[in-house]
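1. give me the fold of what follows.
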Amino acid sequence: LLGLVWRRLILRLCLFHALLLERRHYRGLGWRRPYDFSAADFLSTVKQVMQVQKDMDDNDIDRALPGLLYVDGQCLYGGKVTHDWDRRLLVCLLGQQIMPHDATTATVDSLLPDKLSSCSMDLAQITKEIRYLTIDPDDPTLVGLTPGAAAVRQNQQIRTTLNTLKRVQMLQSSDDSDDGKPLQVALAVVQDVSR
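-> Below you'll find the model as predicted:
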């Protein structure tokens with residue numbers, strides 16, 4: 001159904017979609033505002049690729065990429081993005097994935113072994129193989145951030161947990177109950193997480 005170059009494009013778009021979702025975990029470092037990218041966005045992008053592929057043969061993919069970059073970056077995904085800098089970033093990240101030219105960017109070619117990145121096998125088989133790869137999911141460089149972003153992310157998570165505990169403590173003190181066990185358990189969990 002799909003030629004080799006078009007399957008590679010679909011695989012690159014899969015990585016792009018995953019990259020967008022992972023950047024949300026870094027809050028203000030990932031996006032200036034929280035965006036709700038969904039599977040429907042990805043499916044719309046794949047449908048767009050399928051439409052373009054019907055009209056072109058495998059050798060014409062280079063001619064189709066700028067149009068796909070515009071439609072996906074400005075309309076399909078970019079239509080949800082309300083901040084100008086976030087939209088610029090999204091288009092830049094999409095361009096890095098579908099038209100890779102920088103060896104420092106995490107792309108399909110740099111993350112996956114040759115047998116997977118070449119897309120010489122079925123996409124379903126590639127999906128099974130990817131599940132067994134040893135890629136550190138907490139590495140911020142995979143989503144285009146500096147290594148220091150991991151520490152910022154951990155601090156944000158700890159701060160959120162501590163703020164939640166403060167609210168629980170305030171609720172508990174307003175109830176005037178003497179049973180402090182849930183709070184003690186929660187504090188113990190926070191101490192374990194912060195180590």
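
2. list the contacts for Leu112?
-> Contact partners of Leu112, counting by Cβ atoms under 8 Å, 6 or more residues apart in numbering, are Ile130, Leu133. The C-beta positions use only the backbone N, C-alpha and C, and glycine is treated the same way.

3. and Asp138, which of the three is it?
-> Classification of Asp138 by DSSP: H, G, I helix; E, B strand; the rest coil places it in coil.

4. with Ala106 instead?
-> Strictly by three-state DSSP, Ala106 counts as coil.

5. chain neighbours aside, what residue packs nearest to it?
-> Using Cβ to Cβ, 6 or more residues apart in numbering and skipping the chain neighbours, the partner closest in space to Ala106 is Leu142 (4.7 Å).

6. so the one you found sits against Ile135, correct?
-> Yes. Counting by Cβ atoms under 8 Å, Ile135 is a contact partner of Leu142 at 7.2 Å.

7. need the residues touching each of the two.
-> Here Leu142 and Ile135 share the contacting residues Leu111, scored by Cβ under 8 Å, 6+ apart.

8. who has more neighbours, the two?
-> With neighbours defined as other Cβ atoms under 10 Å, Leu142 and Ile135 compare such that Leu142 has more, 19 against 10.

9. which ones are touching the more buried one?
-> Leu142 touches Leu19, Glu22, Ala106, Leu111, Ile135, Asp136, counting by Cβ under 8 Å, 6+ apart.

10. just the closest of these to His83, please.
-> Leu19 (17.5 Å; Cβ to Cβ).

11. tell me what the top helix by length along the chain is packed against?
-> In the chain, with assignment by DSSP state H, the single longest helix is helix 149-175. Helices and strands touching helix 149-175, by 3 or more Cβ pairs under 8 Å, 6 or more residues apart in numbering; DSSP states H and E, are helix 181-194.

12. in stretch 153-168, what counts as buried?
-> Arg153 (16 or more other Cβ atoms under 10 Å).

13. quick check, distance from it to the centre of its chain.
-> Averaging C-alpha coordinates over stretch 153-168 and over its chain gives two centres that are 23 Å apart (Cα atoms, centre = their mean, to the nearest Å).

14. low-confidence ranges, the chain, go.
-> 1, 100-105, 115-116, 170-182, 185, 192-195 (pLDDT under 70).
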